[in-house]
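Peer 1: sequence plus the predicted model coming up.
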Amino acid sequence: MMAAAEALSARATAILEKLVAFDTTSSLSNLALIDWVEAYLAGHGVAARRIASDDGRKANLLATVGPAVAGGVVLSGHTDVVPVEGQPWTSDPFVLTRRGERLFGRGTCDMKGFLALSLAAVPDLLAAGVKRPAHLAFSYDEEIGCFGAPRMIAVIARELPAPALAVVGEPTMMEAVQGHKSIDAWRVTVTGHEAHSAQTHLGVSANMEAIPLLAFLADKARALEAHPPAGSPFHPPHATLTIGRIGGGTAGNILAREHRFLFDLRCPPDLDPQATMADFIALCGRTDAALKARFPECGVKVEHLSHVPGFRPETDGAAEAFARRLTGDNGPPRVVSYASEAGQFQQGGFSTILCGPGSIDQAHQPDEYVDVVQIERGAAFMARLVEALCA
């Protein structure tokens, strides 16, 4: 098995070099990468199916390696990456660069390393004549709201022989992670009425009207911090609310016509995001009505941009037991505060676990990297996966 893992690790590193070279920042198309993966799979005689976005600019890719029977394992990962603009990289982020025992490049740990390992396992899965399949499930737009995975999960549930479990390869240092928080994102737009700043009675400053809304969110964030759910295993244990972007106005002496801000809320799985934000939504409604009474074009618009469900720890979960067996992980139960597609797979009816190479501490950073030893451990996991699917 050791020799197979070493060969698989070498293949995975070569594939990772190809995958990193595709700039799949979420604002761009991922189709060039999907083309390459399709061609790679076709070269091994494996057919793949695209599940496209509504505009056709992006696609999920789904492929079954092995017989079309129940009891297979889904290997899930996202193809998109976060932007590099404004980050002080010391090497080209889209060229895999080895320095010492680290492989640098955008997406090396989050999460093209896992995709590369999954693809590198394909020749071994085929050569071994596995009795149960591995389903490769590569998604788009995870980084901006997990928009791609649900339609692919629906296809898996509806059309494939029932898989036994799903492994989502987010960076967990190849340890089993059984839960994560939800994430919801909102955009608030306050529309005012422009006038000279000396004549406030003739207009409405969107910036000034936004300040009480922002202050309300800041107070809520502190209240959530002060009252974590009892027994929460997360770090931090409480729900977190952060305002990520903010801005409005055109000049210091003009009442601002528009102000926009974005915020997100990350909740432990037992906390309802909509209920948590109900008082803020009500405040926005009251503010909207008051502004419209002054100028009909004024108001407050609240948009719920995305909801990614929390991932709940499973009692005696099949996926966790499987991942622990393949990794040799006998550590304590683990959860993480970031969100992923795992909650969506779980809602789709699949026993699910997070387990992949690299550390979330390196994700989204300049000079993102994955340790070579993590690729090696991931390769050992895949080699054991081949053996498990032959049993």
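Peer 2: Received, thanks. Residues are numbered from 1 along each chain as shown.
Peer 1: neighbours of the nearest residue to Lys292 once chain neighbours are set aside, how many?
Peer 2: Closest residue to Lys292 apart from its sequence neighbours, by C-beta to C-beta, 6 or more residues apart in numbering: Gly299 at 5.2 Å. No exception for glycine: its C-beta is placed from N, CA and C like everyone else's. Each residue near Gly299 was counted by other C-beta atoms under 10 Å, and the total is 21.
Peer 1: got a list of what Gly299 touches?
Peer 2: Residues near Gly299 by C-beta atoms under 8 Å, 6 or more residues apart in numbering: 190-191, 288, 291-292.
Peer 1: what's across from Ala185 in the sheet?
Peer 2: Asp264, Ser306 (DSSP bridges).
Peer 1: I'd say it and Ser306 touch.
Peer 2: Yes. With contact defined as C-beta atoms under 8 Å, Ala185 counts as touching Ser306 (4.8 Å).
Peer 1: the more surrounded of the two?
Peer 2: Ala185 (18 against 15).
Peer 1: any idea how far that one is from Pro163?
Peer 2: Separation of Ala185 from Pro163 (C-beta to C-beta, to the nearest Å) stands at 30 Å.
Peer 1: try Leu119
Peer 2: 18 Å.
Peer 1: quickly list what's touching both of Ala185 and Ser306.
Peer 2: In contact with both Ala185 and Ser306: Gly145, using C-beta under 8 Å, 6+ apart.
Peer 1: which residues of this structure score low on pLDDT?
Peer 2: For the chain, the stretches flagged by pLDDT under 70 are 1.
Peer 1: helices of that one, start to end?
Peer 2: Along the chain, the stretches classed as helices by DSSP state H are 2-20, 31-43, 113-120, 122-128, 149-159, 206-226, 273-276, 278-294, 318-327, 342-347, 372-390.
Peer 1: mean neighbour count and distance to Gly71 added to these, as JSON lines?
Peer 2: Output for the helices of the chain, formatted as JSON lines (neighbours: other C-beta atoms under 10 Å; distance: least, C-beta to C-beta, whole Å):
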{"stretch": "helix 2-20", "mean neighbour count": "19", "distance to Gly71": "22"}
{"stretch": "helix 31-43", "mean neighbour count": "17", "distance to Gly71": "21"}
{"stretch": "helix 113-120", "mean neighbour count": "29", "distance to Gly71": "18"}
{"stretch": "helix 122-128", "mean neighbour count": "18", "distance to Gly71": "14"}
{"stretch": "helix 149-159", "mean neighbour count": "18", "distance to Gly71": "14"}
{"stretch": "helix 206-226", "mean neighbour count": "16", "distance to Gly71": "42"}
{"stretch": "helix 273-276", "mean neighbour count": "14", "distance to Gly71": "35"}
{"stretch": "helix 278-294", "mean neighbour count": "14", "distance to Gly71": "43"}
{"stretch": "helix 318-327", "mean neighbour count": "20", "distance to Gly71": "11"}
{"stretch": "helix 342-347", "mean neighbour count": "25", "distance to Gly71": "16"}
{"stretch": "helix 372-390", "mean neighbour count": "21", "distance to Gly71": "9"}
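Peer 1: indicate which one of those helices is closest to Pro233.
Peer 2: helix 318-327 (14.2 Å; C-beta to C-beta).
Peer 1: could you check how far that closest one is from the centre of its chain?
Peer 2: 22 Å (C-alpha atoms, centre = their mean, to the nearest Å).
Peer 1: swap in stretch 376-387?
Peer 2: With C-alpha atoms, centre = their mean as the basis, the mean position of stretch 376-387 lies at 23 Å from the chain mean.
Peer 1: list the contacts of that stretch.
Peer 2: Outside stretch 376-387, the residues that reach it (C-beta under 8 Å, 6+ apart) are 1, 4-6, 8-9, 12, 73, 113-114, 117-118, 120-121, 124-125, 128, 130, 134, 174, 325-327, 355-357.
Peer 1: can you check stretch 322-340 too?
Peer 2: 73, 142, 146, 164-165, 167-168, 170, 172, 174-183, 233-236, 240, 266, 308, 310-311, 313, 353-355, 360, 377, 381, 384-385, 388.
Peer 1: filter those to the buried ones?
Peer 2: Among the contacts of stretch 322-340, the ones that count as buried by 16 or more other C-beta atoms under 10 Å are 73, 142, 146, 165, 167-168, 170, 172, 174, 176-183, 234, 240, 266, 308, 310-311, 353-355, 360, 377, 381, 384-385, 388.
Peer 1: among those, which are in strands?
Peer 2: 73, 165, 167-168, 179-180, 182-183, 240, 266, 308, 353-354 (DSSP state E).
Peer 1: and the gap between Val82 and Ser91?
Peer 2: 17 Å.
Peer 1: then stretch 280-289 to CSV, C-alphas only?
Peer 2: Listed in CSV are the C-alpha atoms of stretch 280-289, where the atom choice follows Å, rounded to 0.1, in the frame of the first residue of the first chain:
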residue,chain,number,x,y,z
PHE,A,280,-33.1,43.9,12.6
ILE,A,281,-35.3,43.2,9.6
ALA,A,282,-38.2,44.8,11.5
LEU,A,283,-36.0,47.9,12.2
CYS,A,284,-35.2,48.2,8.5
GLY,A,285,-38.9,48.0,7.7
ARG,A,286,-39.7,50.8,10.1
THR,A,287,-36.9,53.0,8.8
ASP,A,288,-38.0,52.3,5.2
ALA,A,289,-41.5,53.5,6.0
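Peer 1: got a list of contacts for it?
Peer 2: So stretch 280-289 is contacted by 188, 190, 209, 212-213, 216-217, 220, 299-302 (C-beta under 8 Å, 6+ apart).
Peer 1: again with stretch 59-67
Peer 2: 30-31, 34, 37-38, 41, 46-53, 72, 79, 121-122, 125-126, 130-140, 148-149, 151-152, 155-156, 160, 389.
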